[in-house]
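Q: okay, predicted coordinates and the sequence, questions at the end:
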Amino acid sequence: MNFDLDTEHLDLAAAAREFLSASASPAAARAALDGGAAVRPGREELVKSGFATITWPDSGGSVLHLAVVAEQAGRVLAGPSLVTYARAAVLLDGDEERLAGIADGSLAVAVVDDDGPVLDAAGATTFLALRDGALVCGPGEVTVRAPIDATRGLGDVALGETTVLVPDAAARWRRADRVGRTILAAEGLGAAACLLDMGVAYAGQRQAFGRAIGSYQAVKHMLVDVYVEVEQLRSLVWWAAWAADHAPGELPLAAAAAKAAAATTLEHAAETAIQVHGGAGFTWEHDAHLYWRRAKVDRFLLGDDTAAFDEVARLAMGAAS
């Protein structure tokens with residue numbers, strides 16, 4: 001089976017890269033972190049572009065399409081996260097009024113998980129949550145946390161009065177979680193690939209003892225290790241996205257594997273880029289630290305990597321037994 005992207009997906013990636021790089025960037029992420037500037041491109045522009053709602057029923061897109069866009073979003077540290085839109089599309093399937101509200105920008109949604117701060121809570125006015133097995137929706141009071149990565153908009157949410165949307169929604173919630181993990185891994189893939197490019201470019205330019213530092217085996221091996229991890233993660237992300245669209249029985253294992261690999265790959269890529277850049281890389285002013293911050297936050301979103309690796313083991317052993 002060919003898990004490479006076709007021309008349609010590559011064209012979509014190019015369009016997403018052009019749109020996202022025009023507004024989002026490490027510089028914009030730093031401004032949001034240091035001075036409280038708005039997260040870029042922001043909800044309004046992301047929805048207006050059509051990329052955020054690509055998995056909406058009338059959009060004709062797939063989870064794989066969204067994952068392709070998410071990779072480009074991860075490269076430039078774009079916010080808010082496409083994970084929120086991916087989960088909302090699953091949770092609100094059939095709710096045309098609320099989906100239309102998100103699509104026209106009149107509804108700012110976040111999904112409440114009970115095991116940590118809420119992704120994209122900052123700026124959200126409507127919250128989706130699972131309560132006693134039912135999918136509920138309502139307003140909430142947000143306490144925004146001091147950010148490690150401001151583009152993630154993390155906050156604690158105290159729900160107000162809610163309305164039950166789906167009484168028995170446990171299965172729907174699990175699918176939304178797995179699709180969300182897939183898109184989170186795709187964003188992590190983009191960020192890790194950007195860090196790898198950053199490290200390779202610097203290693204080819206920086207001179208030490210009359211030679212480019214990339215010519216030294218120690219540096220080569222560090223970067224090659226990251227390259228291998230990034231390409232392994234790429235395969236896992238495309239598998240999970242394909243499974244979400246075509247093989248739901250494979251999605252639990254694929255999404256858990258992608259989530260786990262993304263957490264470790266992105267952190268390793270960030271640490272390697274910092275080390276390759278030497279003294280300059282170890283300063284907070286270097287962009288690699290913004291990606292390192294993203295890695296530290298993403299590692300614990302939608303469950304941590306330890307739980308994901310445990311899930312992979314349990315599912316794999318169950319399939320083998």
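A: Happy to help now that I have it.
Q: now Gly79, nearest residue through space, not along the chain?
A: Leaving out its chain neighbours, the residue that sits closest to Gly79 by Cβ to Cβ, 6 or more residues apart in numbering is Thr151, at 3.4 Å. Every C-beta, even on glycine, is put in place using the N, C-alpha and C of the backbone.
Q: okay, now the one you found: neighbour count?
A: The number of residues packed near Thr151 is 25, by other Cβ atoms under 10 Å.
Q: now swap in the one 4 residues further on and tell me
A: When neighbours are defined as other Cβ under 10 Å, Gly155 has 21 of them.
Q: okay but the residue nearest to Gly79 is in contact with Ala37, surely?
A: No. Thr151 lies out of contact with Ala37 (Cβ atoms under 8 Å); the separation is 10.7 Å.
Q: looking at this, Val164 is in a strand?
A: Yes. Membership of Val164 in a strand is supported by DSSP: H, G, I helix; E, B strand; the rest coil.
Q: hey, what's it bridged with?
A: Val136 (DSSP bridges).
Q: list the contacts of it.
A: Residues near Val164 by Cβ atoms under 8 Å, 6 or more residues apart in numbering: Ala134, Leu135, Val136.
Q: measure it to Asp115 for me?
A: Here Val164 is placed at a distance of 22 Å from Asp115 (Cβ to Cβ, to the nearest Å).
Q: so which helix or strand takes in the most centrally placed residue in the chain?
A: Computing the C-alpha centroid of the chain and ranking residues by Cα atoms, centre = their mean puts Leu184 first, at 2.8 Å. Leu184 belongs to helix 170-205 when assigned by DSSP states H and E.
Q: packing partners of that helix?
A: Here helix 170-205 touches helix 63-75, helix 82-91, strand 211-212, helix 217-246, helix 251-276, helix 288-298, going by 3 or more Cβ pairs under 8 Å, 6 or more residues apart in numbering; DSSP states H and E.
Q: can you give me the angle that helix makes with helix 63-75?
A: 40 degrees (axes from the mean of the first three to the mean of the last three Cα atoms, to 10 degrees).
Q: mind listing what's buried in helix 170-205?
A: 172-173, 175-196, 198-200, 202-203 (16 or more other Cβ atoms under 10 Å).
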